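Colleague: Could you work out the structure for the sequence below:
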Amino acid sequence: MKMMMEKQPLPTDDDKTGTTESEVDGYAGEESQQGASEPPARAGWNSKIEYFLAQVGFSVGLGNVWRFPYLCHQNGGGAFLLLYVLLMLVVGIPLFFLELAAGQAIRQGSIGVWKYISPKLAGIGYSSCVVCFFVALYYNVILAWSLFYLGNSFQSPLPWEQCPQQGNLTVQECEKSSPTSYFWYRKALDITDSIDETGSFNPYIVCCLLAAWTIVCLGMFKGIKTSVKVMYFSSIFPYLVLFCFLVRGLMLDGALDGITYMFYPRLKIWADIQVWRQAATQVFFALGLGFGSIIAYSSYNPKNNNCHRDAFTVSSINFLTSILATLVVFAVLGFRAKNKAMKCIVSNVKQLSELINSGSVDTIRIPRFNYSDPSSVALADYRDWFKEHGNFTAGITDCDMEKEMQTGVEGTGLAFIAFTEAMSLLPGSPFWSALFFLMLLNLGLSTMFGTMEGILAPLTDRFKTLANNKTKLTIFSCIIGFVIGLLFTQRCGNYFVAMFDDYSATLPLIIVVLFETFSVSWLYGADRFLDDIEVMLGWRPHVIYKYLWKYICPLAMAGLLVATTVRMIITRPVYRAWNEAKATEEFLQYPGWALAVLALLIIFAMMPTPLGFIHSIMQDRMKKASRDTEIGRYSIVSTDDKCETPMTDMSELEQRNGAANSLS
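Modeller: Residues are numbered from 1 along each chain as shown. Reported below is the predicted structural model:
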């Protein structure tokens, strides 16, 4: 195997001059000494289950609950599931395995991993850190909202069950919309009509944001040793809640209708390039690729850990969690939609009955169902009559259950409006509400721990001063996160959350993963990387990974990058705004200054990658000039040209001492 880069192969346990390990459950270990090519000693997981909880907790987050169900419903139901599984097998799992293997072999965070492979690639790790910071800023605001709703759940009736009164009149904004929409937009956010109107800070959300960052700080205080203790609860509790909601949801009227709408396959969507883009993006973000958190968590593993099996297991759990959450969401939303559709029928049948009694309806258009008892009319009977005669009957409207299901089922609207409204219809609604928002809080916390680890681990690995003051760094990072996060607690803060969520991470992460894949498969060498994994695991992964890493994954990432960029250029970015006068949502285009902010976010996140490359080249030239002036002070170590090994750049002394061994 010929040397393709300036770096030695991934380190093995044999690379150390001396090692001592302390095992707990035969799993975790710490190195006390390291050879010339070994990264600094680091702690390990106490058990495999701790590592598993951390990886699953990071990858399974709020997106599984409110983004995946929405995408699945809007993009072909069962057909979207098949497309998602295909992309996960061909692109998601191979890239997930690549990051797991790199982190486990090199035992450092994202900065150290790519710097180890080549100093020119160190900027990739810094880009990951920047993106993690952007995500942490707005993600913790969502936790603050969950805390606010959790605190308001301990009262009966719930504050979003009924519209408030002003004197003897119902508040008009609430009457035009719904109690849940009014509580979300007016009480929780006190939102402005557009992003141009800043408004004052919301004191309740500010306090909740402070509480959220305090919880994160306490959980990360001593690194993985403390965060994993919290994860025992935060990673397992959401599954208990989801199963409880599934059992309760399946007992509700309309639940099966909701699930049927959800999974009904529409294969024609496979011809739509945007559906492929959305499926690939969801795979990308669901697994947490490019954040550096996967690399950071796997870096605490022992070298012989079966990361190949972990890649399939974690990805499968993530997918099954999305399916479970989708069943829960659409069972409950089906109940909500059926409830609203039946209210619609009652209202229309009453009006129809009055028209019939007054003789305003032709005899041929009089329905066969019992219109004198509106509550007894079945949804199917009413819709059959409406399709045939409804358009000819003045003032009578359709009652479409599927249309009701599509209302407010995207992103925060699903959690804080649609699902909240459905829970308010259940007996014992405060209990179910508290359970739901406690679940959201725990889902967000486990993801936040992984995101923060994606920032802290690479920086402490790279800078010794920060490593010696990791506790102070953690506290300082949380304080900075809270201070900057105050931007999102303004009355227009929800619009900034949407901006960061849609644009601050998408393009930069795609570019980061594209560089990761290219650097491993082409610069370092896919065969060489598989050789290193074989030494690490004791067996060689299938050769198909070579072709996936070299061709399929880079092409898929490049296609996703082009599709995303073209869409942003052709279609001016818009956001969902709340119009107080109309009491409804509407799409508005981002103003010019907001587009400038979007561009700066993307540029700032991507900039470390080219800057790191340029910095490395300049350093190489300076070192070369320095060597040329002082070449007489050095001796040349001869090598055997027949020895095809990537380790020929190491000194003869290191080879004699056995500090590092060739993989050839």
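
Colleague: alpha carbons only for contacts and neighbour counts from here, please
Modeller: OK.

Colleague: How about residues contacting stretch 544-563?
Modeller: Residues from elsewhere that reach stretch 544-563, judged by C-alpha atoms under 8 Å, 6 or more residues apart in numbering: 90-91, 94-95, 274, 277, 280-281, 507, 510-511, 513-514, 517-518, 521-522, 526-527, 530.

Colleague: And the strands in the stretch 251-400 of the chain?
Modeller: With strands called from DSSP state E, counting those that start in this stretch, the stretch 251-400 of the chain shows none.

Colleague: Which parts of it are helices?
Modeller: 255-263, 273-286, 293-298, 307-357, 379-389 (DSSP state H, counting those that start in this stretch).

Colleague: TSV for these, including mean pLDDT?
Modeller: Shown next, in TSV, are those (pLDDT from 0 to 100):
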stretch	mean pLDDT
helix 255-263	82
helix 273-286	84
helix 293-298	90
helix 307-357	89
helix 379-389	85
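
Colleague: how many neighbours does residue 250 have?
Modeller: 19 (other C-alpha atoms under 10 Å).

Colleague: OK, contacts around it?
Modeller: Here residue 250 is in contact with 256, 331 (C-alpha under 8 Å, 6+ apart).

Colleague: Need the phi and psi values for it.
Modeller: phi -70, psi -20 (degrees, to the nearest 10).

Colleague: any idea how far it is from residue 537?
Modeller: Distance, residue 250 to residue 537, using C-alpha to C-alpha, to the nearest Å: 45 Å.

Colleague: repeat for residue 457
Modeller: In terms of C-alpha to C-alpha, residue 457 sits 24 Å off from residue 537.

Colleague: Name the residue in the two with the higher neighbour count.
Modeller: It is residue 457, of residue 457 and residue 537, that has more neighbours when counted by other C-alpha under 10 Å, with 26 against 17.

Colleague: Give me the pLDDT value at the more buried one.
Modeller: You'll see residue 457 listed with a pLDDT of 88.

Colleague: same thing with residue 130?
Modeller: Confidence at residue 130, expressed as pLDDT, is 92.

Colleague: That one: what's it in contact with?
Modeller: 455, 604-605.

Colleague: just checking, which of those residues belong to helices?
Modeller: Using DSSP state H, the members of these that fall in helices are 455, 604-605.

Colleague: Identify the residues contacting the nearest residue to residue 421 once chain neighbours are set aside.
Modeller: Residue nearest to residue 421 in three dimensions, not counting chain neighbours: residue 180, with 5.9 Å by C-alpha to C-alpha, 6 or more residues apart in numbering. Listed by C-alpha under 8 Å, 6+ apart, the contact set of residue 180 reads 160-161, 416-418, 420-421.

Colleague: same question, residue 482
Modeller: Counted by C-alpha under 8 Å, 6+ apart, residue 482 has contacts 137, 209-210, 213.

Colleague: need those residues in TSV with distance to residue 122, secondary structure and pLDDT, can you?
Modeller: TSV is the format used below for the contacts of residue 482 (distance: C-alpha to C-alpha, whole Å; DSSP: H, G, I helix; E, B strand; the rest coil; pLDDT from 0 to 100):
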residue	distance to residue 122	secondary structure	pLDDT
137	24	helix	93
209	33	helix	96
210	33	helix	96
213	29	helix	96
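
Colleague: just the residues you listed now: which is nearest residue 426?
Modeller: residue 209 (29.3 Å; C-alpha to C-alpha).

Colleague: what about the closest residue to the closest one other than its chain neighbours, which helix or strand?
Modeller: Among residues not flanking residue 209 along the chain, residue 144 sits closest, at 4.7 Å (C-alpha to C-alpha, 6+ apart). Element membership of residue 144, judged by DSSP states H and E, is helix 122-152.

Colleague: Okay, buried residues for that helix please.
Modeller: Judged by neighbour count (16 or more other C-alpha atoms under 10 Å), helix 122-152 contains these buried residues: 122-150, 152.

Colleague: next structured bit after that helix?
Modeller: Per DSSP H and E, the first helix or strand lying C-terminal to helix 122-152 is strand 165-166.
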